[in-house]
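J.: Could you look at this predicted model? Sequence included:
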Amino acid sequence: MIWYLIFALPGLLLGLWAQLRVKSAFGKYSKVGTRSGMSGAQAARTILNHFGLYDVTIEESKGFLSDHYDPRSKTLRLSPDVGHGASIAALFAGIGRFDALVVASGSVAFNALTEMTDEQWQLGLQSKLMGQINLTRAAIPYLNDNGSITLISGILSEEPINWGVSATTINGAIEHFVKGAACELPRGLRINVVSPTVLEESMDKYADFFPGFVPVPAARVAQAYKKSVLGVQTGQIFRVNG
């Protein structure tokens, strides 16, 4: 009995430590809302439907982070904080464990340096920069070992344009965050960033901002994301230029 306890204790302590880490991360990022307002239950339903699992039902369970799947009744039971929550933490908890986080969104303001307002600066800082940083931090406890994170920056980190000072600043910060985070991620997790030039599909809206830039199709940018998710590299900037 004593030997059993000795051998079992490390595993028990590791399990408790992992549980505390998840609870701590959930508590922290339950205060950070999703831009879409999608709840954990809605996210789970969307993914289940995407994979044709229409016969899996979603119910509410009692308790804090008591989320689990019952294979006998094909029921996904989500705790109230996860099922009804519209935070980053609730989104990830509703999805459960996953292999890759891919981000392809974030807003910045375009204006002359001398005319940029605090609100316009904050748009890029909070949306594209901290939005991606917070997603990365919140995803770590839910990513499977050796999983990957792929963020997005943009060509303006290297080639500034008129009225693009915010985008240049934010894109550069994201790329440096990826380089630093790659050195500290646990459990074999990887992180990269895709830096595309202007897209062919967006030229009707952004052509005046990017004179002389050669656009690329979105399908080509998608290959850079594929390289990041399915490859082995980490801390890299995958640039997609015309």
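T.: That came through, no problem.
J.: so where's the longest strand in this structure?
T.: Counting by DSSP state E, the longest strand found in the chain is strand 143-152.
J.: so Tyr142 sits right up against Gly96, yeah?
T.: Yes - taking Cβ atoms under 8 Å as the definition, Tyr142 is a contact partner of Gly96 at 7.1 Å. Glycine gets a C-beta too; all of them are placed from N, C-alpha and C.
J.: rewinding a little: buried residues of the longest strand of the chain, list them for me.
T.: 143, 147-152 (16 or more other Cβ atoms under 10 Å).
J.: Tabulate these in TSV, adding columns for pLDDT.
T.: As requested, the buried residues of strand 143-152 are arranged in TSV below (pLDDT from 0 to 100):
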residue	pLDDT
Leu143	93
Gly147	97
Ser148	97
Ile149	97
Thr150	96
Leu151	96
Ile152	96
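J.: Would you mind giving those as a markdown table with distance to Ala104 added?
T.: A markdown table is the format used below for the buried residues of strand 143-152 (distance: Cβ to Cβ, whole Å):
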| residue | distance to Ala104 |
| --- | --- |
| Leu143 | 18 |
| Gly147 | 17 |
| Ser148 | 14 |
| Ile149 | 12 |
| Thr150 | 8 |
| Leu151 | 9 |
| Ile152 | 5 |
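J.: hang on, Asn171 packs against Leu151?
T.: No - between Asn171 and Leu151 there is no contact under Cβ under 8 Å: 10.3 Å.
J.: Can you give me the separation between Pro160 and Lys226?
T.: 29 Å (Cβ to Cβ, to the nearest Å).
J.: go on, Pro196?
T.: 13 Å.
J.: and the two? which has more neighbours close in?
T.: Neighbour tally, Pro196 and Lys226, criterion other Cβ atoms under 10 Å: the higher count belongs to Pro196, 23 against 13.
J.: In this structure, what residue spans correspond to helices?
T.: 2-29, 40-50, 80-83, 88-95, 118-124, 130-139, 165-182, 203-206, 218-230 (DSSP state H).
J.: averaging pLDDT over each of these, which comes out lowest?
T.: Per-stretch mean pLDDT for the helices of the chain is lowest at helix 2-29 (a mean of 44).
J.: still on that earlier bit, now for the longest strand of the chain, which elements pack on it?
T.: strand 98-102, helix 130-139, helix 165-182, strand 190-196, helix 218-230 (3 or more Cβ pairs under 8 Å, 6 or more residues apart in numbering; DSSP states H and E).
J.: Run me through the strand neighbours of that strand, direction for each.
T.: strand 98-102 (parallel), strand 190-196 (parallel) (DSSP bridges).
J.: Let me see the domain layout of this protein.
T.: 29-95, 97-242 (automatic domain parsing).
J.: Endpoint to endpoint, the longest one covers what distance?
T.: Right, domain 97-242. 36 Å (Cα to Cα, to the nearest Å).
J.: before we move on, back to that, contacts for the longest strand of the chain next, please.
T.: 97-106, 132, 136, 139, 174, 177-178, 185, 187-196, 225, 228-229, 234 (Cβ atoms under 8 Å, 6 or more residues apart in numbering).
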